[in-house]
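Peer 1: sequence first, then the predicted structure, then my questions.
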Amino acid sequence: MWFRRDLRTHDLPALVAAADADRLACVFVLDPHLLDHERVSPARKRYLRQALVDLDNRLADLGGRLLVVLGDPRHVVPAVAKDLEVDTVHVTADHTPFAVARDEAVETALADDGRTLERHQGVSIAPPGSVRTGSDSVYKVFTPFHRTWTQRDHGEPLAPPAALPKAPDGVGRIDTVAPTEVAQLDVEGPDEAWPDGGEGPARDRLDDWLDGPVDDYDDRRDVLGVPGTSRLSPDLHMGCLSAREAWTRLDRRSPGQDTYATELAWRDFYLHVMAEWPDTARGAFREEYRDLPWHDDDDAFEAWAEGQTGFPIVDAAMRQLVTMGWMHNRARMIVASFLCKDLLVDWRRGEAHFMANLVDGDTCSNNGGWQWAAGTGTDAQQFIRIFNPTTQGKRFDPDGVYVRRWVPELADLPNNRIHEPWTLSEEDQEVLAVVIGEDYPAPIVDHSEARQRAMDWWSQAT
DNA sequence: TGAAATGTTGGGGCG
DNA sequence: ACGCCCCAACATTTC
């Protein structure tokens, strides 16, 4: 069993199948890719380390253990398979272009020695490609996808195996590192802000979520200053939770549960889109938007990334991202619109910045969300969708709780100014010690001018 | 899971 | 009591 982003024992078809063998080794390969500072957030490394320890403990309870091997899986997996003389390597199929290419390479190398790579379902709720239109194509629009997807029987979650087979002889010869000793992932961070990784903490979070908060999801999911969302995204991304189990355990007793189920469907949708059209990982889903003349404006990008745009709601969100490794979904939409429309910076730069900082950074969901914001994706509208950061702030952070938390220099502003501090009189700026341009940046763009510029740019380019 | 412009409605102040 | 005006709140249309 080769674990990747399925670090759990519950509802894991690959593990159930692997547990049927006479002998079983459980392996995780720590790819140098997972250590790249430019691409993987510290919160995510810490999560991964804790998840490996948790998984090792769980496997131990079933009579197994987790072998953590350092290196490139393209070499490590075939080599370990050879050393242990295994017939079959079981995996949970992953659908990003990177994962698909990696698995094909491993499959080929295994086949050279007569071994098999066996893929199982388990990242998404419905297998990619299985939800199809009447004309037998993959859906490009969410709403009809959702209709079909909801009617589908996704099956019942599987229990963990009762026990695991003995390890193969020769397992002691494999060069491993104990899960508790993976120094490369030993990252210190603000404990209260970073989620603990692993199936144990993830299942606790799911239990707590389903125990009540999910029923208020409909009303509270867009309120930025309130913990009204599930916060399960890292658990689902790393596979410490089965999305299918989360979905199955909803009993639809409240609008909140229905709305949450729809969010799980969005996750499946973007995964299905990526599996079918892998080029979307590199550029616009819609061909006509692949060569838009985005502005290569480094100063604007830096101001955005550092939370120094002068728009409180944007700056709050960007600072939350860097500190927590996480950002509220409503805020993700706001900052994405700001980067793509107000600043006209290529959405792929924002996508990469998110991937490098998010604890949950998921290729499919992140890409789908960015393309939604940029207007290049499956949901492209005839009109150009441009968020007004001030309006969004007033609507979704009416009391300024979110802004005050993440932009402390604005904490003393009254509610009716907190989302547009530049409208304070000079006297008020002095009194409140928030002089615009000194204590807090002046807005780097005039939104209404930027909006017009974006609309002109869009009509020129398309 | 948009924003802004435009249209409609209804309450309150006032002559 | 009534008409008129203003304006906020809400709905619809347009981009």
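Peer 2: Okay, I see it. What you see is a predicted model; the values in this text were computed from it and never measured. Residues are numbered from 1 along each chain as shown, chains lettered A, B, ... in the order given.
Peer 1: tell me the buried residues in the helix or strand A:E245 falls within?
Peer 2: Per DSSP states H and E: A:E245 is located in helix A:243-248. By neighbour count on 16 or more other C-beta atoms under 10 Å, the buried set for helix A:243-248 is A:243-247. (Each C-beta comes from the backbone N, C-alpha and C, glycine too.)
Peer 1: where is the longest helix in chain A?
Peer 2: helix A:255-276 (DSSP state H).
Peer 1: please list which of the buried residues of helix A:243-248 are also close to DNA strand B.
Peer 2: The subset of the buried residues of helix A:243-248 lying close to DNA strand B, counting by C-beta under 7 Å from any atom of the strand, is empty.
Peer 1: can those residues go into JSON lines with extra columns for distance to DNA strand C?
Peer 2: Listed next are the buried residues of helix A:243-248 as JSON lines, based on distance: C-beta to the nearest atom of the strand, whole Å:
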{"residue": "A:A243", "distance to DNA strand C": "33"}
{"residue": "A:R244", "distance to DNA strand C": "37"}
{"residue": "A:E245", "distance to DNA strand C": "38"}
{"residue": "A:A246", "distance to DNA strand C": "33"}
{"residue": "A:W247", "distance to DNA strand C": "32"}
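Peer 1: got those residues as CSV, with pLDDT columns?
Peer 2: Output for the buried residues of helix A:243-248, formatted as CSV (pLDDT from 0 to 100):
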residue, pLDDT
A:A243, 98
A:R244, 98
A:E245, 98
A:A246, 98
A:W247, 97
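Peer 1: against DNA strand B, how distant is the residue lying closest to A:H272 once chain neighbours are set aside?
Peer 2: Excluding its sequence neighbours, the residue lying closest to A:H272 (C-beta to C-beta, 6 or more residues apart in numbering) is A:P128, at 4.7 Å. Using C-beta to the nearest atom of the strand, to the nearest Å, A:P128 is found at 18 Å from DNA strand B.
Peer 1: correct me if wrong: A:P128 contacts A:H95.
Peer 2: Yes: assessed by C-beta atoms under 8 Å, A:P128 is found in contact with A:H95 at 5.3 Å.
Peer 1: tell me which of the two has more neighbours.
Peer 2: A:H95 (22 against 19; other C-beta atoms under 10 Å).
Peer 1: what pLDDT does the model give the closest residue to that one other than its chain neighbours?
Peer 2: With sequence-adjacent residues excluded and distances taken as C-beta to C-beta, 6+ apart, A:H95 is closest to A:A275, at 3.9 Å. At A:A275, the pLDDT value in this model is 97.
Peer 1: contact partners for A:A275?
Peer 2: Going by C-beta atoms under 8 Å, 6 or more residues apart in numbering, A:A275 touches A:95, A:128-129.
Peer 1: nearest to A:D362 among these?
Peer 2: Distance to A:D362, by C-beta to C-beta, is smallest for A:H95 among these, at 11.1 Å.
Peer 1: quick check: the closest one vs DNA strand C, distance?
Peer 2: According to C-beta to the nearest atom of the strand, A:H95 and DNA strand C sit 33 Å apart.
Peer 1: isn't that residue up against A:D362?
Peer 2: No: counting by C-beta under 8 Å, A:H95 does not reach A:D362; the two are 11.1 Å apart.
Peer 1: so for the helix or strand following the longest helix of chain A, what gets flagged as buried?
Peer 2: Note on helix A:255-276: by DSSP H and E, the next helix or strand toward the C-terminus is helix A:298-306. For helix A:298-306, the neighbour count (16+ other C-beta under 10 Å) marks A:300-301, A:303-305 as buried.
Peer 1: quick one: average pLDDT of the next helix or strand after helix A:298-306?
Peer 2: Sequence order places helix A:312-324 as the next helix or strand after helix A:298-306, per DSSP H and E. On average, the pLDDT along helix A:312-324 is 96.
Peer 1: so which residues of the stretch 101-250 of chain A form strands?
Peer 2: A:116-120 (DSSP state E, counting those that start in this stretch).
Peer 1: residue numbers of it in contact with DNA strand B?
Peer 2: With C-beta under 7 Å from any atom of the strand as the criterion, the stretch 101-250 of chain A comes near DNA strand B at residues A:F142.
Peer 1: who touches the residue nearest to A:A336 when sequence neighbours are not counted in this structure?
Peer 2: Spatial nearest neighbour of A:A336, excluding adjacent residues (C-beta to C-beta, 6+ apart): A:A373 at 3.5 Å. Applying C-beta under 8 Å, 6+ apart to A:A373 gives the contacts A:333, A:336-337, A:340, A:347, A:385.
Peer 1: how far away is the residue nearest to A:H95 from A:G283?
Peer 2: 17 Å (C-beta to C-beta, to the nearest Å).
Peer 1: can you show me the helices along the stretch 51-200 of chain A?
Peer 2: A:73-84, A:97-112, A:142-151, A:199-210 (DSSP state H, counting those that start in this stretch).
Peer 1: mean pLDDT lowest for which of those?
Peer 2: Of all those, the minimum mean pLDDT falls on helix A:142-151 (a mean of 94).
Peer 1: got the angle between that one and helix A:255-276?
Peer 2: Helix A:142-151 runs at 110 degrees relative to helix A:255-276, counting by axes from the mean of the first three to the mean of the last three C-alpha atoms, to 10 degrees.
Peer 1: which of the residues in helix A:142-151 are buried?
Peer 2: By 16+ other C-beta under 10 Å, the buried positions in helix A:142-151 come out as A:142, A:145-146, A:149.
Peer 1: tell me what that helix is packed against?
Peer 2: For helix A:142-151, the elements it packs on are helix A:255-276, judged by 3 or more C-beta pairs under 8 Å, 6 or more residues apart in numbering; DSSP states H and E.
Peer 1: is stretch A:367-385 up against DNA strand B anywhere?
Peer 2: Yes: Stretch A:367-385 is in contact with DNA strand B by C-beta under 7 Å from any atom of the strand, via A:372, A:379, A:381, A:383, A:385.
Peer 1: just the buried ones among these, please.
Peer 2: A:372, A:379.
Peer 1: list the contacts for the closest residue to A:T96 other than its chain neighbours?
Peer 2: Closest residue in space to A:T96, ignoring its immediate chain neighbours: A:T363 at 4.4 Å, by C-beta to C-beta, 6+ apart. A:T363 is in contact with A:96, A:98, A:274, A:281, A:355, counting by C-beta under 8 Å, 6+ apart.
Peer 1: most neighbours, which of these?
Peer 2: Using other C-beta under 10 Å as the neighbour criterion, A:M274 leads the contacts of A:T363 with 24 neighbours.
Peer 1: since that was my last question, I'll sign off now.
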